[in-house]
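Chemist: below is the structure, and that's it, no one-letter string:
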């Protein structure tokens, strides 16, 4: 878990890798995301949760370039977080990234999806697994490194001639793929078709494929969906290792609260496209608005839920 500085602030406040600022996403008359602001701390595991239809995947699609937000700003910082003046300047001149000493700061809402992945180094997985099922497990990880291999091959010329630079790049790509297959315990299945893997193994392979692009921010859309308890535990271990060993910040959508509460440093809760809670897992878990949203009660019933929680807490304290 991330530690909070003694002054009571959190890492996502003092060193955000991603700042979502006043994000709106409208589809005709439907407001799917409504004035959403939150931050993802550098090196944190941040969970975006909420009932079905809360707008979570829409937020992911905006961050990763699949959707262009109706309004709002998405600031990704590879190094230190930019100052408001720096962001204002890059906005004013109409650029999508800061140049010079502050390079590595990107305005994701201005970038196409391939640039969000290739330049800003944001990778994602999907709620529905999207592997190349007819390719082998190893080939799926090689495909994730296609851009780097194409550049090293001189867009095929060096590869056709068998020049040393191409051979070296190919070896490095194979070594990286092998490393990740070992990390997700799939090295013994390297030559099997990806479609032949059991469901849980396909989930791990999709994460390994995303990590082969060397992201600084990994976005996972329901990575624990369909996993049994043992597989969920393996997933927790894998995500902690990715954060600890590679310094990758993780933003995940998840319905499995055992996963969220076990590994998250920071939890953001949406309901009907609006943020209703934002804080540590413990704070969010006890937030009456969150409990009411998951119970499906009306906003007017939040006070009743809060009263029930306080009564239960008081009774527990008295009995002990």
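Modeler: The structure has been received and is ready for your questions. Treat the numbers as computed from the prediction; the structure is a model and nothing was measured.
Chemist: where does the prediction get shaky in the protein?
Modeler: For the chain, applying pLDDT under 70 flags the ranges 1-8, 89-103, 147-166, 296-320.
Chemist: what residue lies at the spatial centre of it?
Modeler: With distances taken as C-alpha atoms, centre = their mean, the residue of the chain nearest its centroid is residue 219 (2.0 Å).
Chemist: and the helix or strand hosting that residue, which strands flank it?
Modeler: Secondary-structure element containing residue 219, defined by DSSP states H and E: strand 217-221. Based on DSSP bridges, the pairing partners of strand 217-221 within the sheet are strand 122-124 (parallel), strand 249-253 (parallel).
Chemist: what are the contacting residues of the helix or strand just after the shortest one?
Modeler: Remark: after strand 122-124, the chain's next helix or strand is helix 137-143, criterion DSSP H and E. Residues outside helix 137-143 that contact it (C-beta atoms under 8 Å, 6 or more residues apart in numbering): 131-132, 135, 149, 173-174, 176-178, 180-181, 186, 189-194, 197, 205, 208-209, 212. From N, CA and C alone the C-beta is placed, and that goes for glycine too.
Chemist: again, only using 7 Å
Modeler: Outside of helix 137-143, the residues that reach it under the criterion C-beta atoms under 7 Å, 6 or more residues apart in numbering are 131-132, 173, 177, 180-181, 186, 189-192, 194, 197, 205, 208-209, 212.
Chemist: count the neighbours of residue 34 for me.
Modeler: With neighbours defined by other C-beta atoms under 10 Å, the count for residue 34 comes to 16.
Chemist: residue 52 too?
Modeler: 6.
Chemist: which SS state does it fall under?
Modeler: Three-state secondary structure (criterion: DSSP: H, G, I helix; E, B strand; the rest coil) places residue 52 in coil.
Chemist: dump the strands paired with strand 217-221 to CSV, plus mean neighbour count and distance to residue 271.
Modeler: Output for these, formatted as CSV (neighbours: other C-beta atoms under 10 Å; distance: least, C-beta to C-beta, whole Å):
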stretch, mean neighbour count, distance to residue 271
strand 122-124, 25, 23
strand 249-253, 25, 14
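Chemist: output those strands in a markdown table, with distance to residue 116 appended to each entry.
Modeler: As requested, those are exported to a markdown table (distance: least, C-beta to C-beta, whole Å):
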| stretch | distance to residue 116 |
| --- | --- |
| strand 122-124 | 5 |
| strand 249-253 | 13 |
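Chemist: so which of these is nearest residue 24?
Modeler: Each of those was checked against residue 24 via C-beta to C-beta, and the shortest separation belongs to strand 249-253, namely 19.0 Å.
Chemist: I'd like the next helix or strand past that closest one.
Modeler: Scanning the chain past strand 249-253 towards its C-terminal end, the next helix or strand to appear is helix 257-263 (assignment: DSSP H and E).
Chemist: many thanks, we can stop here.
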